[in-house]
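**Q** here is my input, please return the structure:
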Amino acid sequence: MKSAWYYVYIVISSSRRAMYIGITNNLERRMFEHKNSIFEGFTKDYNVHRLVYFERFSNVNTAIAREKQLKGWRRAKKNALVETTNPSWKDMSDGWYEQPQGPSTRDRTDPPKNGRIGKTDAITRSG
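**A** Now for the predicted structure:
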């Protein structure tokens with residue numbers, strides 16, 4: 001049986017003024033959608049497309065609860081969370097889409113294993 005992963009992620013604008021917290025079962029695809037402004041809404045309006053933090057979960061309900069928890073935090077606490085794993089606020093998805101066609105169409109739920117993101121960059125939680 002195939003195991004599914006769920007990601008709670010934080011993306012920011014280049015100025016770091018706007019922040020968005022979301023959940024997805026395919027982080028690579030979702031980041032492509034953010035970077036290319038595929039959907040109308042907050043992330044398109046405020047140019048929020050830099051992935052600065054994510055956590056991986058094996059249970060969707062746990063992931064949803066974590067997303068709600070993070071959304072309830074004050075901005076300073078969210079900033080501190082990002083800085084625990086990404087103190088320079090670099091775009092963790094930088095280099096994922098070096099080919100113009102976008103994310104792969106194969107069935108994949110993990111971010112690309114291109115050397116940019118290591119196991120220590122994501123926090124994996126089961127539950």
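**Q** which residues of this structure fall in helices?
**A** Remark: helices assigned in the chain by DSSP state H are 27-35, 42-45, 60-72, 75-85.
**Q** would you tell me which of those gets closest to residue 21?
**A** In this view, the helices of the chain are compared for proximity to residue 21 by CB to CB, and helix 60-72 is the closest at 5.1 Å. Quick note: C-beta positions are derived from backbone N, CA and C, even for glycine.
**Q** name the residues that touch that closest one?
**A** With contacts defined as CB atoms under 8 Å, 6 or more residues apart in numbering, helix 60-72 is touched by 4, 6-8, 10, 21-23, 25, 55, 57, 78, 81, 125-127.
**Q** now do the buried residues in that helix.
**A** Of the residues in helix 60-72, those with enough neighbours to count as buried (16 or more other CB atoms under 10 Å) are 62-63, 66-67, 70.
**Q** same question for stretch 43-52.
**A** 43, 48-52.
**Q** quick one: average pLDDT of it?
**A** Taken as a whole, stretch 43-52 has a mean pLDDT of 87.
**Q** ok, now stretch 16-26?
**A** Computed over stretch 16-26, the mean pLDDT rounds to 94.
**Q** how about low-confidence regions in this structure?
**A** Counting by pLDDT under 70, the chain contains low-confidence residues at 1-2, 98-127.
**Q** which residues in it form strands?
**A** For the chain, strands defined by DSSP state E occupy the ranges 6-13, 19-24, 48-57, 123-125.
**Q** residue 13 and residue 5: what is the separation?
**A** Separation of residue 13 from residue 5 (CB to CB, to the nearest Å) stands at 26 Å.
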